[in-house]
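Asks: sharing a model prediction with you, sequence too.
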2 protein chains.
Amino acid sequence: MRRPTLEAVAARAGVSRATASRVVNGSETVHAQIRDAVLRAVDELGYVPNSAARSLVTRRTDSIGLVVSEPPAAEDPLFSVLVRAVGRELERVGKQVVLMLASSSAAYARIERYVAGGHVDGVILLSTHGADPLPAALARSHVPVVSYGRPVATVSLPYCDCDNVGGARAAARHLLERGRWRIAAIAGPPDMPAGRDRLAGYRDVLSAADRRSLVAMGDFTRESGAAAMRQLLLDGPDLDAVFAATDLMAIGALHTLRRMGRRVPDDVAVVGFDDIEEARYTDPALTSVRTPVAAVAEAIVQRLLGPDRFAEPTVLPAELIVRDSS
Amino acid sequence: MRRPTLEAVAARAGVSRATASRVVNGSETVHAQIRDAVLRAVDELGYVPNSAARSLVTRRTDSIGLVVSEPPAAEDPLFSVLVRAVGRELERVGKQVVLMLASSSAAYARIERYVAGGHVDGVILLSTHGADPLPAALARSHVPVVSYGRPVATVSLPYCDCDNVGGARAAARHLLERGRWRIAAIAGPPDMPAGRDRLAGYRDVLSAADRRSLVAMGDFTRESGAAAMRQLLLDGPDLDAVFAATDLMAIGALHTLRRMGRRVPDDVAVVGFDDIEEARYTDPALTSVRTPVAAVAEAIVQRLLGPDRFAEPTVLPAELIVRDSS
DNA sequence: TTCCTTTGAGAGAGCGCTCTCTCCGAGACG
DNA sequence: CGTCTCGGAGAGAGCGCTCTCTCAAAGGAA
C-alpha cells in the first residue's frame, strides 16, 4: 500500500540506493546500461521521490511562497493574470507555488513563522500597503523576497513594477493634448505605492503645465470610483476630464457620470489605469494605461531565482491605450 | 546560521527531545513546569518545526493542492473570490494551499505525479472540461479529491456546486413572465458541465412552455458573447430576449446589441449568470443569477476534510437578481 | 512491607533521501 | 610488471522529527 521507495527501485534494478539516487537526479557519472535499468525500475514501480525526505537533507523545498499581504478585492480581475503568469514561470523551473493569504493578523504571524521556518525557498510579495508589517518582517528573514510593485519607502526590498509614474504622465499629457481644461483625478489610497506613483506622475504633468487639479480619493474599487466622481462633480461641476488611478474606479466614475447626465467624452473625458479587459466593453470604451502584469510577474520570478536579486528594480513601461472615452 | 532544532530546544530546557516534541505538539501528559520551560526555550531560540522532517515521519503534509485544470481565462473575476474563500477555510485548519495550474500537457503529468506521490493531503479540483484527463487520473490516485462544480459524467468524483439548472430555470421563467416571445440563448462550451447544466435548465422551462429557442455557442468570454450575439441577430432578427450562460458573455452581448442599435431592455432583454460585480455597472445594469462561489468553496473544504466525502453532492441555490436589463 | 498500578519522562529506532567517503578495477606510464 | 590515476559504484552517516517502548518514581491496596 505504501509508495515505493528509492530502496525498492535500487533493489529491483540490482544496484545500490546511491546509484539509484544518482540516476533519479540525472547524474552524468552512471553507465548508460545501469541508468536504463534504474529508469525501467522507476517506471515499473511508479516511483515518485518523497519530497519531504529529499528536502530534509537538501534543505531546499522547491516551492515558492506567493504571499498576498492584503487579500485581493473580492473580485480582482488582475489576480488571475498574475497568479497564472507566476505559476507558469515557476512551473518551468519545477517549483511549486504555495499560496499564502494574509487576511487576519493571526495569518500574518503564521506566514512569518512559516517563511522564517524555511518552508519556502523564496517569496513573491504582493500588494502591500503602508501599515503592512509583512514586508519588513520578510525582509528580515533570510529568505529571498521579491515584491510585486514598489514596496513602501520604509522597507527596502527588491521589486519589479510597471512604470506607474510614466503611465500616469502619459495619461495626463493625453488629456491636456485633447484640450481639456478642468482636469480632476481619482487617486488610490495614499498608503499604497501604486496609488501614490500614479498620482505623482499625473501631478508632475499638471504642475508643469501650470494647472491645478481636484483630487478625490478612492480605494481602487468601482464603488469608490463612483463615490469619488460624485464628490468631484460636487466640488467642480465644470470639470471636463477625469483621470482614475485604476480602471475599476474609472468604471465607477463612468457610472456616476451617466447617472448625472454627463456625456463621455463630450462633456467629460475619462482615462483609467491597468487596461483590464472590461475597459473594452464599457460605453464608451475606456481609454486606459496598460500595465504589463504578466511581464512583471515573469520579471519577478527571474529575479527571485536569478543571481542578482538586488540589481536595480525592473520597471516595465506602461502604454496608453486610447479609446472612445477621451 | 542554521535554524534551531528540537534537539536544541530540549537541551536548553534540560529535557529530552521526546518531551520537547510532546510540548510542541500539545500533549497533555507533561508537567506544567516542564512544559513552560520548553515553551520558553522555543520562544528564546525562535524555534519553528521543520515540516519536512515532520511530514517524513507522520506522512502528512498539511497542505492541500488547488488544481486548476484549465487555467482561468486571462482575467477571471471569480478566480480571486474562489481562491480567497478556499484559502480562508484552509488556513482555519492550518493547511497550506499549493496551487497547481495545469496549462500544458507536461504540467498534467507533473501534477499527476505530484499528487500521486503523496505531496498533498487532498486536492480541490477546479473547472474541468470534457477532454480533461486530470479528474480521472486524480480519482484513481488514493488522495482525497473534491471537485468545484460537477465533473463530467464519465468520472465519478465528490463535488460541490451551485444549482446551475435551477438558476437557469429561474432566468428562463423570468423572461417568460416578462412577456418575451422570441427568446434566445448563448450557451457555454458543450463539454463543460456548468455550461450544459445552465443550458439544460433553460431548455426545461422553454419546452415546458412549448417554445423553441435559438442557441448560439460561446466560450464564457465577453468576446465570444459578442460574436454569439451577432450570430443570433443574424439568425433571428426578431428576438426579444437573450439568456447568456455567464455574465461575461452577457456583457459581450450587450456590447453587440448596443452596436446594432437595439435598446436593452426595450427591444431585447438580457439575463446573465454568475452575478459578478461588473454586472452592476453595465448600462443598463445586468439581470443575473447569483452563484454563491465563496459558499461553494467553503462547502468543498468542509467535505474534503470531513468524514463523509462521498455523501450526496452539496448543491447550493442560485438566486436570480433582477436589474434593469430585463 | 510488598506488589501492582499509574503517571510522566527518556531512549532510540526509524521515516526516505542525499552525499561524502571509500573502494575497486581498468587503463596509462615508466 | 609495478605503480599511479581515475572513473564509477557502494557503504553509511546523517537530515530533524515522531512515536513506541521502556523505565523510574510515586501512590495505593493487601
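Replies: Now that the structure is in, tell me what you want to look at. None of these values were measured; they are calculated from a predicted model.
Asks: got the phi/psi numbers for A:Arg203?
Replies: Phi and psi for A:Arg203, reported as degrees, to the nearest 10, are phi -70, psi -40.
Asks: that one reaches A:Ser213, doesn't it?
Replies: Yes. Using C-beta atoms under 8 Å, A:Arg203 makes contact with A:Ser213 at a distance of 7.2 Å. (Glycine included, C-beta is placed from N, CA and C.)
Asks: from B:Thr29, how far out is the residue of the stretch 51-200 of chain A found nearest chain B?
Replies: Closest residue of the stretch 51-200 of chain A to chain B, C-beta to the nearest C-beta: A:Gly117 (3.3 Å). Per C-beta to C-beta, to the nearest Å, A:Gly117 is found 26 Å from B:Thr29.
Asks: same question for A:Glu298.
Replies: Taking C-beta to C-beta, one finds A:Glu298 at 52 Å from B:Thr29.
Asks: repeat that for A:Arg178.
Replies: In this view, A:Arg178 and B:Thr29 are 76 Å apart by C-beta to C-beta.
Asks: leaving out sequence neighbours, find the closest residue to the residue of the stretch 51-200 of chain A closest to chain B.
Replies: Closest residue in space to A:Gly117, ignoring its immediate chain neighbours: B:Val48 at 3.3 Å, by C-beta to C-beta, 6 or more residues apart in numbering or on different chains.
Asks: ok now do that neighbour, which residues does it touch?
Replies: A:113-114, A:116-118, B:3 (C-beta atoms under 8 Å, 6 or more residues apart in numbering or on different chains).
Asks: do A:Gln302 as well
Replies: Residues near A:Gln302 by C-beta under 8 Å, 6+ apart: A:Glu89.
Asks: again, only using 10 Å
Replies: A:Gln302 makes contact with A:89, A:93, A:146, A:160, A:309, A:314 under the criterion C-beta atoms under 10 Å, 6 or more residues apart in numbering or on different chains.
Asks: what residues sit buried inside stretch A:101-111?
Replies: Buried residues in stretch A:101-111, defined by neighbour count with 16 or more other C-beta atoms under 10 Å in any protein chain shown: A:101-102, A:107-108, A:110-111.
Asks: for DNA strand C, what's the nearest residue on the stretch 201-326 of chain A?
Replies: Sorted by distance to DNA strand C under C-beta to the nearest atom of the strand, the residues of the stretch 201-326 of chain A start with A:Leu305, at 17.6 Å.
Asks: let me fix that, I meant to ask about the stretch 51-200 of chain A.
Replies: A:Ala53 (3.3 Å).
Asks: so what's that residue closest to, chain neighbours aside?
Replies: Distance criterion C-beta to C-beta, 6+ apart; nearest residue to A:Ala53, sequence neighbours excluded, is B:Leu56 at 5.3 Å.
Asks: is DNA strand D within reach of the helix or strand that neighbour falls within?
Replies: Element membership for B:Leu56, per DSSP states H and E: helix B:51-58. Yes. Counting by C-beta under 7 Å from any atom of the strand, DNA strand D is contacted by helix B:51-58 at B:53-54, B:56-58.
Asks: next SSE after that helix?
Replies: Using DSSP H and E, the next helix or strand after helix B:51-58 towards the C-terminus is strand B:63-68.
Asks: quick check: chain neighbours aside, which residue is closest to A:Gln176?
Replies: You called it Gln, but residue A:176 is Leu. Nearest non-adjacent residue to A:Leu176, counting by C-beta to C-beta, 6+ apart: A:Ala209, 5.7 Å away.
Asks: who in chain A is up against DNA strand C?
Replies: Residues of chain A lying near DNA strand C by C-beta under 7 Å from any atom of the strand: A:2-3, A:5-7, A:17-18, A:21, A:24-25, A:47, A:49-50, A:53-54, A:56-58.
Asks: among those residues, name the buried ones.
Replies: The neighbour-count criterion (16+ other C-beta under 10 Å) marks A:3, A:5-6, A:21, A:24, A:47, A:49-50, A:54, A:56 among the residues of chain A next to DNA strand C as buried.
Asks: need the max-distance pair from those residues.
Replies: A:Tyr47 and A:Leu56 (18.0 Å; C-beta to C-beta).
Asks: can you show me the strands along chain A?
Replies: A:63-68, A:96-101, A:122-126, A:145-148, A:159-162, A:183-187, A:214-217, A:241-244, A:269-274, A:287-290, A:314-316, A:319-321 (DSSP state E).
Asks: do the third one and chain B meet at all?
Replies: No. Using C-beta under 10 Å from any C-beta of the partner chain, we find that strand A:122-126 stays clear of chain B, coming within 11.4 Å at best.
Asks: that strand pairs with which strands?
Replies: Within its sheet, strand A:122-126 is paired with strand A:63-68 (parallel), strand A:145-148 (parallel), according to DSSP bridges.
Asks: OK, contacts around A:Phe273?
Replies: A:Phe273 neighbours (C-beta under 10 Å, 6+ apart): A:162, A:164, A:167-168, A:171, A:186, A:188, A:194-195, A:198, A:201-202, A:220, A:243-250, A:279, A:286, A:288-291, A:318, A:320.
Asks: surely the residue nearest to A:Leu176 is in contact with A:Gly179?
Replies: No. The pair A:Ala209 / A:Gly179 is not scored as a contact, 12.0 Å apart, by C-beta atoms under 10 Å.
Asks: about what we covered before: which of A:Arg178 and B:Thr29 has more neighbours?
Replies: Higher neighbour count among A:Arg178 and B:Thr29: A:Arg178, with 16 against 6, using other C-beta atoms under 10 Å in any protein chain shown.
Asks: show me the contacts for the more buried one.
Replies: Contacts of A:Arg178 (C-beta under 10 Å, 6+ apart): A:240-241, A:265, A:269, A:271, A:287, A:322, A:326.
Asks: one more: A:Ala137?
Replies: Taking C-beta under 10 Å, 6+ apart, we find A:Ala137 in contact with A:108-109, A:111-113, A:115-116, A:145, A:155.
Asks: among those residues, which two are most distant?
Replies: Longest distance between any two of the contacts of A:Ala137 is 19.0 Å, between A:Arg113 and A:Val155; criterion C-beta to C-beta.
Asks: coming back round to it: tell me the phi and psi of the residue nearest to A:Gly117?
Replies: phi -130, psi 130.
Asks: how far is the helix-or-strand element of chain A with minimal mean pLDDT from where the chain is centred?
Replies: Scoring the helices and strands of chain A by mean pLDDT, DSSP states H and E places helix A:105-116 at the bottom, with a mean of 85. From the chain centre to the centre of helix A:105-116 is a distance of 20 Å (C-alpha atoms, centre = their mean, to the nearest Å).
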